[in-house]
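**Student:** Structure of the sequence below:
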Amino acid sequence: MAENLSQEEFIEIYGAKEHNLKNIDLKIPRNKLVVFTGLSGSGKSSLAFDTIFAEGQRRYLETFSAYARQFLGGMERPHVDEILGLSPVISIEQKTVNRSPRSTVGTVTEVYDFMRLLFARVSDAYSYNTGEKMVKYTDQQIIELILKKFANQKIIVLAPKVKGRKGHYRELFEQIQKSGFSKVRVDGEIQDIKSGMKLDRYKIHDIEIVVDRIHVTSEHKNRVTQAVQTALKYGQDVMSVVDYETGELSNYSRFLMCPTTGISYAEPEPNLFSFNSPYGACPKCSGLGVIAEVDLDKVIPDKKKSIKNGAIEPLGKLSNNWIAVKLEEILTAFGFTLADPVEKIPDDLIYKILFGFEDVVDDGEGKKSEF
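**Tutor:** Sure, this is the predicted structure:
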């Protein structure tokens, strides 16, 4: 029992004689960061790589079948009497590599590739919005769920087309009408599609096709089936059902989906778990883990200056060019001029000038500019 406890706490090496090692005995604590130091030629690499790593790799390969080992080749046992408490090992090659923020121990050893594959194939997905486990259904499961949940109730079957995006969508309404549909649900309100119909392009909209309005009974099962198949077709494998009486919205999808909010995920793939892939990288730092931000005190070092006289350092003193004209239009619309000191202009307006607008600016003379 004491021997097993010892092996759990230490890697024990007896009689290491590889290369220039002189019959070395030592114990290395497990689950600790251990550093070998010493003069060049003292045997650090011989102990770490040629003894401990070589024996761990040899033992691991011995677990393979004889058929697999014939392709890997044989490995000689290092010159050591005994090693106890040794686990499967990983070794990073001793070499000078270029510094890269995209290289980690996981990527260099290629363990990361196996972890990404593992996460993609056996993990469970959860909604980042509600924390609920994501679900996905077959067409038949969706039909059965609707028949059970909305039995003897009136429902509206919807196919989502736009979710939380700006635009007037005139062409989309024309396309929906040509597909044979007469009604849409825009921002929660059902409307008839009219010729030339369009929305406010500067507001965020949700648009869904009204596929059918059904009284769910056993006699209408075929109608429910057809409505579900049509909704999934035009909703790109996602659909919604609204309870006609309560207005409660239920979402269904062939993909992974949050049952409450309707957020849909694509099927997990290994590249979704890679910070070196645009599909898996953090959108804020692009997978680098570092964010470059603007120092406003260096952009505008002297707030007593006017924008015209070079208060915005990257622009310098303004001449009669396109940038000066646009800045003048913006400031005029808010009651200021290019000659006003920056300290007299509200901070939120300076922020918009530097980082952009999300709306339309009116210069007071009926002329509107988009920013």
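
**Student:** make it CA atoms for all contacts and neighbour counts henceforth
**Tutor:** Fine.

**Student:** Could you check how far residue 35 is from residue 44?
**Tutor:** 10 Å (Cα to Cα, to the nearest Å).

**Student:** The two: which is more packed in?
**Tutor:** Comparing residue 35 with residue 44 by other Cα atoms under 10 Å, the one with more neighbours is residue 44, at 17 against 7.

**Student:** Excluding chain neighbours, what is closest to the more buried one?
**Tutor:** residue 36 (6.1 Å; Cα to Cα, 6 or more residues apart in numbering).

**Student:** could you measure the one you found against residue 15, distance?
**Tutor:** For residue 36, the distance to residue 15 - Cα to Cα - is 18 Å.

**Student:** same check, this time on residue 117
**Tutor:** Following Cα to Cα, the distance that separates residue 117 from residue 15 is 40 Å.

**Student:** shaky segments in this structure?
**Tutor:** Filtered on pLDDT under 70, the chain yields the residue ranges 1-8, 94-99, 358-371.

**Student:** Domain map for it?
**Tutor:** What automatic domain parsing lists as the domains of the chain is 2-84, 139-265, 296-370.

**Student:** Ok, which of the ones you listed comes nearest residue 109?
**Tutor:** Nearest to residue 109 among those is domain 2-84; the distance by Cα to Cα comes to 13.8 Å.

**Student:** quick one, strands of the stretch 1-150 of the chain?
**Tutor:** Counting by DSSP state E, counting those that start in this stretch, one finds strands in the stretch 1-150 of the chain at the ranges 10-16, 24-29, 82-84.

**Student:** rewinding a little: show me which of residue 36 and residue 15 is the more surrounded one.
**Tutor:** For residue 36 versus residue 15, neighbours defined as other Cα under 10 Å are more numerous around residue 15 (16 against 9).

**Student:** Name the nearest residue to that one, ignoring sequence neighbours.
**Tutor:** Nearest one to residue 15, counting by Cα to Cα, 6+ apart, is residue 23 at 4.3 Å.

**Student:** Mind listing what's buried along the host helix or strand of residue 162?
**Tutor:** Taking DSSP states H and E as the definition, one finds residue 162 inside strand 154-166. The neighbour-count check on strand 154-166 (16 or more other Cα atoms under 10 Å) flags 154-162 as buried.

**Student:** likewise stretch 51-69?
**Tutor:** 51-59, 61.

**Student:** okay, how far is it across that stretch, tip to tip?
**Tutor:** First-to-last distance for stretch 51-69 - Cα to Cα - comes to 21 Å.

**Student:** do the same with stretch 58-71
**Tutor:** Stretch 58-71 end-to-end distance (Cα to Cα) = 14 Å.

**Student:** what does stretch 101-118 give?
**Tutor:** OK, stretch 101-118 end separation, Cα to Cα: 24 Å.

**Student:** Take the buried residues of strand 154-166 and write them to CSV, including distance to residue 257.
**Tutor:** As requested, the buried residues of strand 154-166 are exported to CSV (distance: Cα to Cα, whole Å):
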residue, distance to residue 257
154, 24
155, 21
156, 20
157, 17
158, 16
159, 15
160, 14
161, 16
162, 16
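
**Student:** now, among the residues you listed, which is nearest to residue 313?
**Tutor:** Using Cα to Cα, the buried residues of strand 154-166 come closest to residue 313 at residue 162, 41.3 Å.

**Student:** The closest one pairs with what?
**Tutor:** On the basis of DSSP bridges, residue 162 is bridged to residue 207.
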